[in-house]
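Chemist: please find the sequence and the predicted model below.
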Amino acid sequence: MEHTKIYKMLIRAVFGDKSKILLKDSDYTKLNVRWNDIKDYLEYDGASYLALVKNFKNLEQFDDADDCYYQYRKIKQAKKKLYSKKEGWNWSKPIDILAWLSCGYGVRPSYTILFGVLLIFIFGFLFWILNFIGDFSLFEITHANLSDVISLLILSFFNALYLSARVFILGDWRDLHGLYSYVALIEAFSRWLISALLIIVLTKKLLR
């Protein structure tokens, strides 16, 4: 269907393993097809993918539109190089990766929630490394047996994880001081960013 003009078309076909669908430079008004039926056979072309996204939205197949856009961004990201001698550093690639992890390119709200959970673990690990909780000392470690040391480390980690969750979910870090207050401030700021991002993605999903 490359270089073709289509006003209305219904696709109900079974494609072979090596089949390819080419939509490059095609102009169609209504292409009635499900994304799952063609996603594995569609030859990559940016304009074709974006046209399909628009087509799915016009047909009110919003899940298909989201899935199509997600695959388009994933392929586009994979084709980018972080660095080349000719063009130097390509900072759009790490930005794309962050957009993928944090919100699934704006079409996966669950990614935002999971990213928030990941941040809780990351900041919890930082609190643990900083030895903020104070459940053990160097003296205790050197004079305790291995099982006691492991128990102390595990308890300390879960306490740090609880602290991180308290900061991220409740924004409660007023009793922290010194270096730990700066780490908590960064986590609290991340909390607001994630909350705003989740609201934006959910609003985009609901208001259509």
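Modeler: Looks like it came in fine.

Chemist: mind pulling up the pLDDT for Gln77?
Modeler: The pLDDT attached to Gln77 in the predicted structure is 94.

Chemist: go on, Phe121?
Modeler: Phe121 carries a pLDDT value of 97.

Chemist: neighbours around it, how many?
Modeler: Applying other C-beta atoms under 10 Å, we find 12 residues neighbouring Phe121. In this view, the C-beta of every residue, glycine as well, is placed from N, C-alpha and C.

Chemist: quick one: it from Ser26, how far?
Modeler: To Ser26, Phe121 is 46 Å away according to C-beta to C-beta, to the nearest Å.

Chemist: low-confidence stretches in the protein?
Modeler: Applying pLDDT under 70 to the chain picks out residues 1-19, 27, 132-144.

Chemist: surely Trp173 is in a helix?
Modeler: No: Trp173 is assigned coil when assessed by DSSP: H, G, I helix; E, B strand; the rest coil, not a helix.

Chemist: for it, which non-adjacent residue is spatially closest?
Modeler: With sequence-adjacent residues excluded and distances taken as C-beta to C-beta, 6 or more residues apart in numbering, Trp173 is closest to Ala184, at 3.6 Å.

Chemist: check Ala99 too.
Modeler: Distance criterion C-beta to C-beta, 6+ apart; nearest residue to Ala99, sequence neighbours excluded, is Tyr105 at 5.5 Å.

Chemist: now the one you found: phi and psi?
Modeler: Note on Tyr105: its backbone torsions stand at phi 60, psi 30 [degrees, to the nearest 10].
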